[in-house]
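Engineer: After the sequence you'll find the predicted model.
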Amino acid sequence: MLVISGRVWAFDTKKPLAGALLDLWQVDHQGRYSVGNSDFKNRARLLTAEDGAYEFETIHPVPYQPNPQMWRSPHIHFIAQCNGYQRLISEMFFKDDPKQDVDWLFHPALVVPVERKEINGQPVEFAVFDIVLAADAGGNKMN
């Protein structure tokens, strides 16, 4: 099990954003994505709490090969949006995971450390990923 937590922050005010919407998706343990029309495994939609906090449990994604010329290192996709802020589409990666050296979409600024613990005899991983949204001068609304 992997537990991801964090907060969504406003860049302009440096304050947490309550009610920010997060869409998350990742591959399963075999490196496959859900198609998303009737099978929603490894997908989530969350709203941040009053203090901008969010948390979800998932599996640690695996490396996969989307085509014979490319490898992807383990990552989780996300879209973060909040009224009055620019929508952010990005990924998060995990420190020391395989295939980062050959994943041309990998970016070291998006890497989070993973803390490993044993709880009730079971291995559990924890990572923190804060998200910062830029103000939108156009006043865009969430989709």
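Structural biologist: Here it is on my side, so go on. Residues are numbered from 1 along each chain as shown.
Engineer: pretty sure Ala109 is in a strand, no?
Structural biologist: No: assessed with DSSP: H, G, I helix; E, B strand; the rest coil, Ala109 is helix; it does not lie in a strand.
Engineer: What sits closest to Pro16 if chain neighbours are left out?
Structural biologist: Leaving aside its sequence neighbours, Pro16 sits nearest to Gly52 (C-beta to C-beta, 6 or more residues apart in numbering; 2.5 Å). Just so you know, the C-beta spots here come from the backbone N, C-alpha and C atoms, and that holds for glycine as well.
Engineer: any idea how far Asn42 is from the one you found?
Structural biologist: Gly52 sits 24 Å away from Asn42, taking C-beta to C-beta, to the nearest Å as the criterion.
Engineer: what's the answer for Lys14, then?
Structural biologist: For Lys14, the distance to Asn42 - C-beta to C-beta - is 33 Å.
Engineer: Show me what secondary structure element comes after the longest strand belonging to the chain.
Structural biologist: For the chain, the strand reaching the highest residue count under DSSP state E is reported as strand 2-10. Downstream of strand 2-10, the first helix or strand assigned by DSSP states H and E is strand 21-25.
Engineer: Each with direction, which strands does that next one pair with?
Structural biologist: strand 43-47 (antiparallel), strand 75-81 (antiparallel) (DSSP bridges).
Engineer: Having no further points to raise, I will conclude here.
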